[in-house]
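Enquirer: return a 3D structure for these sequence lines:
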Amino acid sequence: MKVSIYGVGRSMTKSVALQTILLLSTTNKEIYLNYEPLYWKDRYARHVCNTGIATHQTTPIFLENEKADKQLMKFLAKLHNRESEHIITKFIRACGRMDEFERHLNSDLIVLCIRDVYSVLSSVFQGKWDLLGLGLKHIDDTKRFLTWAKETNDPIIGQFLKHTKNRIDINALYWFSVNLKALESSRKMAVITKENINDYQQIISKVTGEGVINELYSKIPGHFIHNDQVLKETYKPPRMIDRIYELYNSLSKIRNSKYIYPADEEIGSIVETTRLEGEYNYKEISEFPGVGGIIVPENVMYSEMQAIVFEKICSRK
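Expert: Down below sits the predicted model:
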């Protein structure tokens, strides 16, 4: 079973990925997880993926008339070239590329996670990064996204662009643009929102015909995907050559250059659940205080964006 999960940052993709792992692990304990491979090497989020960042930088944010180049095709092929029965890939920088990605990934299940724009913006801006990669180790996507927005023939994007004045506005426009692009796909997918996330296990079980539903899974915070409280694996530190490239590439923002990458860099890892089915005890799981954030006041443009996106979600049902 190959499952691909798409969404912008802070859109419940961690929670959905973790639930997917736990659900499918009841039928097969070994699962291969590609955790945000366009930036991270693995789920621990300690080391970046040089190959993923280089691929991200050379691939348009929106793959519309363009086809995947050789580098992208090689990267996508590697994600699913695994011996594990179940492969889960979680993307947060691929909504505008989903159709072309899936032409090569051919996932058995596509999941699109969409959280309301106000919650996303509030959550993102409590940190030191944003949806366009500001604050990350590579050159951010703001310039090329705004170039796309100015050159696109979409009148709605053009109208919103006229009222885009600051960083928060740009992030809201990005949220709108990539989510709408993904929703316009004719591919069959499960669209997960805050309103139906509690039904996700039933949705995936119905589609896959696998797994034993456990209400506890939906209570485990998504950030547990980064530690070993419910998952385990034999951790493989990056090769020395990977670390050298990572160090060299860390100066790419200063040099205003793109990432380069070593051959055969490992991406993702095999994960297993730490306990057998039924052995989880939620009382043993530390309480998660939740994610704070700035309060994003109601904004007419943001509300219009959100209304269009959620109307599109309803039209797919």
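
Enquirer: buried ones in stretch 295-308, by neighbour count?
Expert: Residues 296, 299, 301, 302, 305, 306 are the ones in stretch 295-308 that count as buried (16 or more other Cβ atoms under 10 Å). C-beta here means a position set from N, CA and C on the backbone, and glycine is covered the same way.

Enquirer: I'd like to know which of those is nearest to residue 103.
Expert: residue 305 (27.7 Å; Cβ to Cβ).

Enquirer: quick one: contacts for that closest one?
Expert: Each residue near residue 305 by Cβ atoms under 8 Å, 6 or more residues apart in numbering is listed here: 117, 160, 172, 173, 175, 176.

Enquirer: mind doing that once more with 6 Å?
Expert: For residue 305, the contact set (Cβ atoms under 6 Å, 6 or more residues apart in numbering) comprises residue 176.

Enquirer: what strand or helix carries it?
Expert: helix 300-316 (DSSP states H and E).

Enquirer: list the contacts of stretch 171-180.
Expert: 8, 95-96, 114, 117, 120, 130-132, 145, 160, 164, 302, 305, 309.

Enquirer: looking at those residues, which are in helices?
Expert: In this view, these that belong to helices under DSSP state H are 117, 120, 145, 160, 302, 305, 309.

Enquirer: redo those residues as a markdown table? Include pLDDT and distance to residue 245.
Expert: Output for the ones in helices among the contacts of stretch 171-180, formatted as a markdown table (pLDDT from 0 to 100; distance: Cβ to Cβ, whole Å):
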| residue | pLDDT | distance to residue 245 |
| --- | --- | --- |
| 117 | 97 | 36 |
| 120 | 95 | 32 |
| 145 | 98 | 26 |
| 160 | 98 | 38 |
| 302 | 98 | 39 |
| 305 | 98 | 38 |
| 309 | 98 | 38 |
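
Enquirer: what about the strands in the stretch 1-150 of the chain?
Expert: Using DSSP state E, counting those that start in this stretch, the strands of the stretch 1-150 of the chain run over 2-6, 31-35, 86-90, 109-113.

Enquirer: now the helix-or-strand element of the chain with minimal mean pLDDT: buried residues?
Expert: One helix or strand of the chain scores below all others by mean pLDDT, DSSP states H and E: helix 200-208, with a mean of 83. By neighbour count on 16+ other Cβ under 10 Å, the buried set for helix 200-208 is 200, 201, 203, 204, 207, 208.

Enquirer: thinking the second one is in contact with residue 214, fair?
Expert: When you say that, I think you mean residue 201. No. Counting by Cβ atoms under 6 Å, residue 201 does not reach residue 214; the two are 7.5 Å apart.

Enquirer: what's in contact with stretch 45-56?
Expert: 37-41, 71-72, 75, 93, 137-138, 226, 238, 245-246, 249, 259, 261, 265, 267.

Enquirer: residue ranges with poor pLDDT in the protein?
Expert: Across the chain, the stretches falling below the confidence threshold (pLDDT under 70) are 29, 66, 275-293.

Enquirer: save the strands of the stretch 1-150 of the chain as CSV, and put in distance to residue 17 too.
Expert: Listed next are these as CSV, based on distance: least, Cβ to Cβ, whole Å:
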stretch, distance to residue 17
strand 2-6, 5
strand 31-35, 7
strand 86-90, 4
strand 109-113, 9
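
Enquirer: can you add distance to residue 232 and mean neighbour count and give these back as CSV?
Expert: Conversion of these to CSV gives the following (distance: least, Cβ to Cβ, whole Å; neighbours: other Cβ atoms under 10 Å):
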stretch, distance to residue 232, mean neighbour count
strand 2-6, 20, 25
strand 31-35, 11, 24
strand 86-90, 16, 25
strand 109-113, 24, 23
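
Enquirer: for the ones you listed, which one sits closest to residue 59?
Expert: strand 2-6 (14.6 Å).

Enquirer: for the closest one, packing partners?
Expert: helix 13-24, strand 86-90, strand 109-113 (3 or more Cβ pairs under 6 Å, 6 or more residues apart in numbering; DSSP states H and E).

Enquirer: in TSV: these, plus distance to residue 100.
Expert: Below are those laid out as TSV (distance: least, Cβ to Cβ, whole Å):
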stretch	distance to residue 100
helix 13-24	19
strand 86-90	15
strand 109-113	13
